[in-house]
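*Asks:* need a structure here:
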Amino acid sequence: MVRLCKIVIYIFILYSILSCKNGEEVLIRGEISNLENPFILVTWLSGDTLATDTINVDVKGRFNYKNPIDTLTTFSLYLNNYESAAVVFADKGQALKVKGDALLPDLIEVNGNEINNDLTLFKMQNRELLTQRGQLLLNLNMESQVDTIVNKSVTRHDELAKLQLLNHELISQAEEFIKKNPSRFSSLILINNFFINSDNPHALERVLGYLQGDVTNTRYATQLRSYSEKINQSAEGARMPYFKLTDKEEKAIFSHQFNGKYVLLSFVSTAGIESRETIDLLKEAYQGVNRDSVEFLTVYIDSDIYPVEYVENDSIPWRVVPEKRSWGSDIVDAYNVQYIPFNILIAPDGNIKVRNIPAQGVANAIRNSTED
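*Replies:* The predicted model follows:
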């Protein structure tokens with residue numbers, strides 16, 4: 001599922017890079033197939049306001065859109081009721097072309113200036129990888145619509161494993177592009193696309209070090225460096241960030257209460273096959289650990305409804321926290337949780353040992369650490 005907050009970030013990326021005195025219309029022409037609606041919703045930053053508009057499309061998905069702007073502006077095109085999106089970087093007086101498939105938004109081509117041309121070149125160089133990833137995401141999304149416990153399959157696990165491999169390869173390709181183009185604005189965009197939500201905070205720090213020239217002095221580059229410093233505070237090897245939570249019994253839970261013990265901190269949802277499978281696997285792992293030296297703590301992140309309705313809650317033998325603020329909660333921010341399910345193993349010395357550890361690997365990780 002597309003995290004729309006990531007698209008909103010684009011809106012602010014290059015807002016203050018260039019500025020001009022007089023506004024001139026930008027023309028965006030496009031043809032996008034597999035649109036479910038005869039319109040596209042477009043958003044952009046106008047002054048301090050997030051502006052919105054509607055672009056009408058014909059039966060073949062073709063459209064023409066004009067907008068008066070006086071600075072480099074980021075337009076976000078939302079397709080099929082926010083199910084996917086494309087981003088266009090435009091400056092005054094430019095004519096840009098957009099072409100692609102709403103079902104494969106990562107492959108939508110945008111041409112007409114240096115930034116868009118660079119990003120489209122990257123897409124074309126990695127078309128096969130992006131096509132495979134896009135198709136896998138479509139398959140996984142279709143499977144999630146049949147949201148039943150019965151739908152546990154080897155095929156789904158294989159698809160998730162393949163998706164992880166494809167993401168790893170794309171990250172490697174993005175890093176190579178950034179190294180070869182350290183002074184291009186497009187490299188800033190690729191850092192946002194592939195490293196801002198990475199499970200490896202050191203990777204973000206590394207690619208930021210490649211940047212050269214004027215891009216290093218932009219406000220967005222400064223924001224990325226600040227963000228990099230922040231997420232390193234929850235990287236593997238870092239001291240576990242402080243937290244205070246309230247469990248389902250309304251009892252307070254403090255991070256310091258786990259000193260001297262292994263802690264498996266899991267973030268899940270009541271909806272979704274992966275979260276349910278994670279809870280089942282964690283129950284198996286819990287049976288094989290020493291309860292005197294190991295504690296599990298599960299945080300439920302449910303953005304749609306509160307209070308959370310638990311189906312399996314009564315059968316979970318460790319403490320459970322219903323997080324009222326969902327993705328806006330302090331612990332999600334402090335531990336840099338970008339998706340769920342997500343497991344973090346913390347060592348008895350209070351340092352983060354493993355981020356994104358598979359549920360089935362928890363017991364072995366603790367056992368191997370004890371034997372070392």
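*Asks:* so what strands line up beside the lengthiest strand in the chain?
*Replies:* Longest strand in the chain by number of residues (criterion: DSSP state E): strand 24-33. Strand pairing for strand 24-33, determined by DSSP bridges: strand 62-69 (antiparallel), strand 95-101 (parallel).
*Asks:* Show me what the first one is in contact with.
*Replies:* Residues from elsewhere that reach strand 62-69 (CB atoms under 8 Å, 6 or more residues apart in numbering): 23-32, 40, 42, 44, 53, 55-57, 73, 75, 90-92. C-beta coordinates here come from the backbone N, C-alpha and C atoms, glycine included.
*Asks:* repeat that for 7 Å
*Replies:* Identification of contacts with strand 62-69 by CB atoms under 7 Å, 6 or more residues apart in numbering yields 23-31, 40, 42, 55-57, 90, 92.
*Asks:* Pick the most buried one from the strands paired with strand 24-33.
*Replies:* Neighbour counts (mean count of other CB atoms under 10 Å) averaged over each of these peak at strand 95-101, with a mean of 19.
*Asks:* one step back: please, a ChimeraX command that selects the buried ones among the contacts of strand 62-69?
*Replies:* Listed next is the ChimeraX selection for buried residues among these, using 16 or more other CB atoms under 10 Å:
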select :26,28,30,40,42,55,57,90,92
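*Asks:* will you turn the strands paired with strand 24-33 into a markdown table that also has distance to Phe296 and mean pLDDT?
*Replies:* A markdown table is the format used below for those (distance: least, CB to CB, whole Å; pLDDT from 0 to 100):
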| stretch | distance to Phe296 | mean pLDDT |
| --- | --- | --- |
| strand 62-69 | 51 | 96 |
| strand 95-101 | 43 | 97 |
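*Asks:* export those to a markdown table and tack on distance to Asn126?
*Replies:* As requested, the strands paired with strand 24-33 are exported to a markdown table (distance: least, CB to CB, whole Å):
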| stretch | distance to Asn126 |
| --- | --- |
| strand 62-69 | 27 |
| strand 95-101 | 14 |
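*Asks:* To Leu165, which of those strands lies closest?
*Replies:* Between Leu165 and the strands paired with strand 24-33, the tightest spacing by CB to CB is seen for strand 95-101, at 23.0 Å.
*Asks:* Can you pull the poorly scored residue ranges out of the protein?
*Replies:* Scanning the chain for pLDDT under 70 picks out 1-23, 143-154, 199, 303-314, 370-372.
*Asks:* about what we covered before: what's the farthest-apart pair in the contacts of strand 62-69?
*Replies:* In those, the most distant members under the criterion CB to CB are Gly23 and Glu31, with 26.7 Å between them.
*Asks:* so what's Gly100 up against?
*Replies:* Contacts of Gly100 by CB under 7 Å, 6+ apart are 32, 86, 107-109.
*Asks:* out of the residues you listed, who's nearest Asn139?
*Replies:* After measuring these against Asn139 - CB to CB - the closest member comes out as Leu107, at 16.1 Å.
*Asks:* wait, the closest one sits on Gln132?
*Replies:* No: Leu107 lies out of contact with Gln132 (CB atoms under 7 Å); the separation is 10.9 Å.
*Asks:* from the contacts of Gly100, which ones fall inside strands?
*Replies:* Those of these lying in strands (DSSP E): 32, 86, 109.
*Asks:* Pick the one among the residues you listed closest to Ala271.
*Replies:* For the ones in strands among the contacts of Gly100, the nearest to Ala271 is Ala86 (27.3 Å; CB to CB).
*Asks:* now the closest one: how far from Phe243?
*Replies:* According to CB to CB, to the nearest Å, Ala86 stands 37 Å off from Phe243.
*Asks:* ok, now Val332?
*Replies:* Separation of Val332 from Phe243 (CB to CB): 10 Å.
*Asks:* still on that earlier bit, between Leu107 and Gln132, which has more neighbouring residues?
*Replies:* Between Leu107 and Gln132, counting by other CB atoms under 10 Å, Leu107 is the more crowded of the two (19 against 16).
*Asks:* Would you map the helices across the stretch 1-150 of the chain?
*Replies:* Ranges of helices in the stretch 1-150 of the chain, per DSSP state H, counting those that start in this stretch, are 4-13, 114-125, 127-145.
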